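Got a predicted structure here, sequence first:
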Amino acid sequence: MSKKILIIEDEVSIAELEKDYLELSGFEVMIETTGDTGLLAALKENVNLVILDLMLPGMDGFEVCKRIREEKDIPVLMVSAKKEDIDKIRGLGLGADDYITKPFSPSELVARVKAHMARYERLVGSNIHKNEIIEIRGIKIDKTARRVYVNGEEKAFTTKEFDLLTFLAENPNHVFTKEELFNKIWDMESIGDIATVTVHIKKIREKIEFDTSKPQYIETIWGVGYRFKV
Ligand code: CA
């Protein structure tokens, strides 16, 4: 599947030239000529990278970049005719990934596009393939696969037990009241009350603690609640 690039550029001849070169390199390219339509396309279309001109009719490139960043983390290459603008973009910290001043050679643009595309792929790829794991002493929680291992042995957890354990383990040494835990893990419509929390804590302890009368992981703070000890 070819990668899709969005060019937001009001000078049609420049946009067309960029498009030709990028298409020759195997990219799918779409062009928008105003900031407003460009922003819309960036947010609605499934684009992999945006080439964004700074001076645009309507919403300018600064604003478009800012708005894209609020929603998406795709690479944004900003293009400007003025060197001073590039400094301004940097100063504003809009989150653009790269800056190119006009005039630039199309091959330079293609090279930068490819580099950013590759870097982004690596970033996204590593997020997809790496499971999110929490490890605390003998306990390993695989958040992605929703599995729990105690000293290397997998233990079966119900959805709420898993959510509760994960929440506590992600906030170690923080004392939560039963009310807080109930509100956090159970949605408001749930049948049950804070006694549910006590029952779940008991079940989790039976699975993770060596001796449930002397918990090493989830501590009871009398009169307050629970905390995950690290
Ligand atoms: Ca322009």
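Nice, thanks for sending it over. Since we're looking at a predicted model, the values are computed, not measured.

What separation is there between the residue most central in space within the chain and residue 187?
By Cα atoms, centre = their mean, the chain has its centre lying nearest to residue 73, at 7.7 Å. Residue 73 sits 29 Å away from residue 187, taking Cβ to Cβ, to the nearest Å as the criterion. For the C-beta atoms, the positions are set from N, CA and C on the backbone; glycine is no exception.

Okay, now the unreliable bits of this structure?
Of all residues in the chain, those with pLDDT under 70 make up the ranges 1, 90-91, 125-130, 188-192.

For it, list the residues in contact with the ion, please.
Contacts of the chain with the ion, taken as Cβ under 5 Å from the ion, map to 10, 53, 55.

In contact with the closest residue to residue 40 other than its chain neighbours, which residues?
The shortest distance from residue 40 to any residue other than its chain neighbours is 7.8 Å, reached at residue 32 (Cβ to Cβ, 6 or more residues apart in numbering). With contacts defined as Cβ atoms under 8 Å, 6 or more residues apart in numbering, the neighbours of residue 32 are 6-8, 38, 40-41.

what does residue 119 give?
By Cβ under 8 Å, 6+ apart, the neighbours of residue 119 are residue 75.

which SS class is the residue in the chain positioned nearest to the ion?
The chain approaches the ion most closely through residue 55 (3.9 Å), counting by Cβ to the ion. When classified by DSSP: H, G, I helix; E, B strand; the rest coil, residue 55 comes out as coil.

Quick check: it touching residue 81?
Yes: counting by Cβ atoms under 8 Å, residue 55 touches residue 81, with 7.1 Å between them.

For those two, work out which one has more neighbours and name it.
A count of neighbours by other Cβ atoms under 10 Å puts residue 55 above the other of residue 55 and residue 81, at 17 against 13.
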